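Undergrad: turn this into a model:
(one chain, ligands or ions: 1)
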Amino acid sequence: MTPCAVLRCQAPGSDVVTGGHYLNDVHEAYICAEHNEKINAGELWDVKDGTVLMGQDLPPALTGWNSSDSRGTRGFVLSLKTSDPEAKPFDVFITPDFAKHLHMLTETRRGE
Ligand SMILES: [Zn+2]
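TA: Residues are numbered from 1 along each chain as shown. Below you'll find the model as predicted:
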């Protein structure tokens, strides 16, 4: 019997999930019915070294943001809100160079 690949889950793996999307390294993992249900319901997940990470084992998700233009150095302040109920929104100053890199990153990784 192959155990569920979700970290710390002891249930038998009964379903297969395929990760990798647009990446070159596609991963298949056996997971239990309960975790398969959660993934199908839209819960976030990732695969690291063959282990499926979910819930507390993933970083908090971005749930909202605001931006305000800088009147000083060129750039803007980006305020990020996450799914961590204990984390306060935090601000980062984005220079034009980093804005360009972030734009390229999101364009190539949005998974369409
Ligand atoms: Zn499981």
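
Undergrad: what mean pLDDT does stretch 78-91 get?
TA: The pLDDT scores in stretch 78-91 average 93.

Undergrad: doesn't residue 30 make contact with residue 11?
TA: No. Checked against C-beta atoms under 8 Å, the pair residue 11 and residue 30 is beyond contact range at 10.3 Å. Where you see a C-beta, it was placed from the backbone N, CA and C, and this is true even at glycine.

Undergrad: quick one: which of these two has more around it?
TA: Legend: neighbour count by other C-beta atoms under 10 Å for residue 11 and residue 30, higher for residue 30 (18 against 13).

Undergrad: where in the chain is pLDDT low?
TA: When residues are selected by pLDDT under 70, those of the chain lie in 21-24, 111-112.

Undergrad: domains of it?
TA: 15-57, 62-109 (automatic domain parsing).

Undergrad: what's the burial count for the residue lying closest to residue 82 once chain neighbours are set aside?
TA: Nearest non-adjacent residue to residue 82, counting by C-beta to C-beta, 6 or more residues apart in numbering: residue 60, 3.8 Å away. Using other C-beta under 10 Å, residue 60 has 15 other residues around it.

Undergrad: what's the answer for residue 92, then?
TA: Residue 92 has 11 nearby residues by other C-beta under 10 Å.

Undergrad: confirm that it sits in a helix.
TA: No. Residue 92 is assigned strand when assessed by DSSP: H, G, I helix; E, B strand; the rest coil, not a helix.

Undergrad: hang on, it packs against residue 75?
TA: No. Using C-beta under 8 Å, residue 92 makes no contact with residue 75, being 10.0 Å away.

Undergrad: if anything else comes up later, I'll come back, but that's it for now.
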